[in-house]
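Undergrad: pasting a predicted model and its sequence here:
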Amino acid sequence: MNTLTDAQRARVLALLREGKSLRRIECETGHRRETIAAYGRQAGLLRERVTKLDAPTIRKAMLRAA
């Protein structure tokens, strides 16, 4: 795992708390999504595993939310 400075880690965690996606944080900070996810899991902000959503899963989630 890459090591982020305290300031970098704080920024990544703040962006996660704001609800930004891993890709958005990757673009804003220049850190890899895997690194961001590892720090997010360590802080308890992300589930153990980040799931990939396919079209049927997204449709089901949208129907439940409606």
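TA: Sure, I can see it.

Undergrad: can we go C-alpha only for contacts and neighbour counts from here?
TA: Fine.

Undergrad: helices of this structure, start to end?
TA: Secondary structure of the chain (DSSP state H): helices at 6-17, 22-29, 33-42, 55-65.

Undergrad: ranking these by burial, who's on top?
TA: Across the helices of the chain, the average number of neighbours (mean count of other C-alpha atoms under 10 Å) peaks for helix 33-42, which reaches a mean of 18.

Undergrad: so that helix versus helix 22-29, what angle?
TA: Angle, helix 33-42 to helix 22-29, by axes from the mean of the first three to the mean of the last three C-alpha atoms, to 10 degrees: 110 degrees.

Undergrad: what helices and strands are in contact with helix 33-42?
TA: helix 6-17, helix 22-29 (3 or more C-alpha pairs under 8 Å, 6 or more residues apart in numbering; DSSP states H and E).

Undergrad: could you dump the ones you listed into TSV with mean pLDDT added?
TA: As requested, the helices and strands packed on helix 33-42 are exported to TSV (pLDDT from 0 to 100):
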stretch	mean pLDDT
helix 6-17	95
helix 22-29	96
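
Undergrad: in CSV, list those along with distance to Gly44.
TA: Shown next, in CSV, are these (distance: least, C-alpha to C-alpha, whole Å):
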stretch, distance to Gly44
helix 6-17, 10
helix 22-29, 15
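
Undergrad: which one of these lies nearest to Arg41?
TA: Between Arg41 and the helices and strands packed on helix 33-42, the tightest spacing by C-alpha to C-alpha is seen for helix 6-17, at 10.1 Å.
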